[in-house]
Structure formats: structure tokens, C-alpha cells
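S.K.: A structural model of the following input is requested.
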Amino acid sequence: MNPAPVEVRGLSKRYKGDVWANRDISLTVERGEILGILGPNGAGKTTLVRQITTELIPTSGEVSIFGIDGGARPNEAKGCMGVMPQEANLYWGLSAWNHLRIFGKLRGLPSRAASRRAEELLSDLGLAEHRNKSPQELSGGLRRRLLVGIASVSEPPLLILDEPSVGLDPESRRHLWDILRGYRTRGATTLLTTHYMDEAEALCDRVGVIHNGSLIALDTIANLKASYEYEFKIMFDEDGHAETTYGNDPRTLVQQAQDKGIDHYAVSPTTLEDIYLGLTGESAQLKE
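M.R.: Sure, this is the predicted structure:
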């Protein structure tokens, strides 16, 4: 059997002052999928990613990358992945093309191969017309594309992206999504973190929800909706208060509203945001 791209077992991270960033997280990233880790800022997503990339040593637990023990053999594990941190510095004195070429050489590509790969990425990322520009001449969206290119320059089998579209305008975000879908089509596995529900719903084969440092759900969006009876929602006004009730059968929801004497209501499929709010206990009413 081929080992999974990422296998996390009982991972916990405790900082000074008995502050737990992660608690007993276990998950597997399957080959060829895009797995999204959801949660607000401060939920523990970045700490989890930094442990998977071997940047942080866990307090307890294990991480393996394609069967390689990340704790015992970190350099070998890192060689299998391309990483895009949430915050990363580019080199103001280098053009976009030189960033890609130099990082290609740093990842072991021969000089000519690194140059060819830089040209490919400039085309794939929509950066060809900006090849000679330095980072300060690029928009925020173009810089994020360049960072994705640096992460993927050696065509690693695993991409780990921490909030890849943070701060981007809608058009730039969708262009980035298309790039990541293209990598998946070519066989790459991607683990990404995000707090954008629409991004996870548009991109991810499965999603995990982190709340207060713990992984509280991991499945496809369809299965999460079915398991937690959140496939549909009905919204109405009762006694001057907006109410929302969730369930799997829209006819049952309508009947419940009518039994209460409510004539004006709206029924619609739930979104990933509804699931997330329900799982984290942040919605006022989940289901009856």
C-alpha cells in the first residue's frame, strides 16, 4: 500500500503558560485531494500546519509525510512538499522570473531546467507580462500567485498552503482557485487552511473544522450536511425575531412553520457556513 501524503496522529501543541494551540488532532490527507482546514484566526490552523511542515516540534503526537517520520527525518519530509506560509517575504531586488528560477535551483533543479520551469510557471500563473517586475511592483494578488509558484516550482507531490487567498480581491481569488484545481488534475495533493467558507466549498474535496484547537469534524461537505441534518434551512420572522431552523426535508420544515401559523418564510439549501456555525455552537438555533 502507498502511504498517505499526510498522516497526523494524536498531535498536540502546548505553549508556555499551559496554553494549548492544538489538542489531540488526528487526520489523513488522501492522495490527489484538496483538503481544507477551516477555522477563524486563532483557532490553531497555522500551528497545525507548522507542525506538519516540521517547522514546529509537537508537544505530543506524530506526523508522517508519505510514510516519512517528520520528527525523525524532517529534511526528507520537507523534500516532498511545497509550502506557502500565511506570511512570507519576497526579495525586493529580484524579478518574478528570478524568484522562480532561483527557488527552482534551491529545490535541486539544474540551471536550464529551473529556467524552463520558471517560464512554465509564469505562463500558468498569469505572470508572463510581469516577468521582469520586482515584488513591490506587483499587486497583492500577483504576489500571492508568485508565492504559489515558489511552493510548486519543483512540482512536489504535496502542497501545503496557509491561507493562500487572504487579502485577495474576488477575481484574484478565483484565478488562484483555478490554479489549484489544475494542480489537482495533474495529481498533486493539497492541504490548505482558510477562514473563507466559499473558498472551501468551491475547492475542497473534504473539509476539517478546527475549534479551540481541536478538530471537531472532518468529512465531505455533503456528508456533514446529512450527518448533522443541515441540508436545508427555513428562515422566518416570529414575534419580531428572525429565526432559522435546519433539517434534511424541506417539506417538514415548511410544515413546522405553517403549524406555528407562519405564512411568510424562505427555504433554501444550507451552505458550509451554516454547517460551520452549527458545529461550533455559534448559531442561535440548529434544528428542532
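
S.K.: mind listing what's buried along the longest helix anywhere in the chain?
M.R.: Using DSSP state H to define each element, the chain has its longest helix at helix 170-185. By 16 or more other C-beta atoms under 10 Å, the buried positions in helix 170-185 come out as 172-173, 175-177, 179-180, 183-184. Using the backbone N, CA and C atoms, a C-beta is placed for each residue, glycine as well.

S.K.: show the subsequent helix or strand relative to it.
M.R.: Downstream of helix 170-185, the next assigned helix or strand under DSSP states H and E is strand 189-194.

S.K.: spell out the residue ranges of the strands in the stretch 151-288 of the chain.
M.R.: For the stretch 151-288 of the chain, the strands defined by DSSP state E, counting those that start in this stretch occupy 158-162, 189-194, 206-211, 214-219, 232-238, 241-247, 265-269.

S.K.: out of these, flag the one nearest Gln51.
M.R.: Ranking those by proximity to Gln51 (C-beta to C-beta) places strand 158-162 first, at 11.0 Å.

S.K.: can you list the strands of the stretch 151-288 of the chain in a markdown table and add mean pLDDT, distance to Thr53 and mean neighbour count?
M.R.: Putting the strands of the stretch 151-288 of the chain into a markdown table (pLDDT from 0 to 100; distance: least, C-beta to C-beta, whole Å; neighbours: other C-beta atoms under 10 Å) gives the following:
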| stretch | mean pLDDT | distance to Thr53 | mean neighbour count |
| --- | --- | --- | --- |
| strand 158-162 | 95 | 6 | 24 |
| strand 189-194 | 95 | 10 | 25 |
| strand 206-211 | 94 | 16 | 22 |
| strand 214-219 | 94 | 17 | 17 |
| strand 232-238 | 89 | 38 | 17 |
| strand 241-247 | 85 | 37 | 16 |
| strand 265-269 | 92 | 36 | 13 |
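
S.K.: make CSV out of the ones you listed and add distance to Thr59.
M.R.: Formatted as CSV, those follow (distance: least, C-beta to C-beta, whole Å):
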stretch, distance to Thr59
strand 158-162, 20
strand 189-194, 20
strand 206-211, 17
strand 214-219, 14
strand 232-238, 39
strand 241-247, 37
strand 265-269, 41
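
S.K.: between those strands, which gets nearest to Lys16?
M.R.: strand 214-219 (20.1 Å).

S.K.: any idea of the angle the closest one forms with strand 206-211?
M.R.: Using axes from the mean of the first three to the mean of the last three C-alpha atoms, to 10 degrees, the interaxial angle of strand 214-219 with respect to strand 206-211 works out to 160 degrees.

S.K.: packing partners for strand 214-219?
M.R.: strand 19-29, strand 206-211 (3 or more C-beta pairs under 8 Å, 6 or more residues apart in numbering; DSSP states H and E).

S.K.: closest one to Gly93 among these?
M.R.: strand 19-29 (35.4 Å).

S.K.: elements contacting the next helix or strand after that closest one?
M.R.: Sequence-wise, the next helix or strand downstream of strand 19-29 (DSSP H and E) is strand 34-38. With contacts taken as 3+ C-beta pairs under 8 Å, 6+ apart, strand 34-38 sits against helix 45-52, strand 189-194, helix 197-203, strand 206-211.
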